[in-house]
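*Asks:* show me how the following folds:
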Amino acid sequence: MRHWLVLLALACCMGAAHAGKCVSGNKTLYTDSPCPAGWQGAALGGNLSRISPEPATDAANQQFLKKREAEEREYQARLVREQNEAARTELNQCYWLANQMRLLESDYSARRLARLPEQEDYRRRYRNLRDQQARLRC
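*Replies:* Take a look at the predicted model:
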């Protein structure tokens with residue numbers, strides 16, 4: 001019973017403002033202040049109550065927002081690091097593929113008189129390396 005009396009006392013003490021509906025052509029504006037120039041008031045029932053947060057709640061909200069901002073900055077920094085690492089890895093793969101192609105070319109030129117199956121194997125391996133380079137956009 002005492003709880004209800006406290007709630008009733010709080011409800012009576014809170015300031016209530018009238019919520020207004022303003023119309024201009026096919027546009028509608030809801031406001032707690034008088035209608036702006038060029039807008040006409042329309043009938044709208046009900047009250048708009050505004051309750052300010054308690055200082056402890058407001059402080060907790062600010063702390064939460066600061067924590068979220070810090071997490072977002074950390075996340076963005078991690079994304080940048082991962083993108084840089086991926087670019088370095090891709091560049092290293094390009095260098096490795098180019099080196100493999102040079103080794104294959106030198107091996108092929110050393111065995112210039114190789115038989116046809118060996119020549120086909122060299123061509124296939126070279127084509128595979130070139131395709132990998134194309135996929136990596138080297």
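*Asks:* for the helix or strand containing L129, packing partners?
*Replies:* For L129, the host element (DSSP states H and E) is helix 116-136. In terms of contacts (3 or more CB pairs under 8 Å, 6 or more residues apart in numbering; DSSP states H and E), helix 116-136 is packed against helix 55-110. In short, each C-beta sits where N, CA and C put it, glycine included.
*Asks:* just give the number of residues close to R127.
*Replies:* Neighbourhood size, R127 [other CB atoms under 10 Å]: 10.
*Asks:* could you do Q132 as well?
*Replies:* Neighbour tally, Q132, other CB under 10 Å: 16.
*Asks:* ok, now C22?
*Replies:* Neighbour tally, C22, other CB under 10 Å: 19.
*Asks:* give the helix, strand or coil label for it.
*Replies:* strand (DSSP: H, G, I helix; E, B strand; the rest coil).
*Asks:* separation between it and R81?
*Replies:* According to CB to CB, to the nearest Å, C22 stands 51 Å off from R81.
*Asks:* where does the protein dip in pLDDT?
*Replies:* Along the chain, the parts satisfying pLDDT under 70 run over 1-19, 43-50, 112-114, 116.
*Asks:* report the distance from the helix holding L129 to the chain centre.
*Replies:* Its chain's C-alpha centre and that of helix 116-136 lie 40 Å apart, by CA atoms, centre = their mean, to the nearest Å.
*Asks:* ok, residues contacting it?
*Replies:* Contacts with helix 116-136, where a contact means CB atoms under 8 Å, 6 or more residues apart in numbering, come from 90, 93-94, 97-98, 100-101, 104-105, 107-108, 111, 114.
*Asks:* which of these sit farthest apart?
*Replies:* Pairwise distances across those peak at 33.1 Å for E90 and A114 (criterion: CB to CB).
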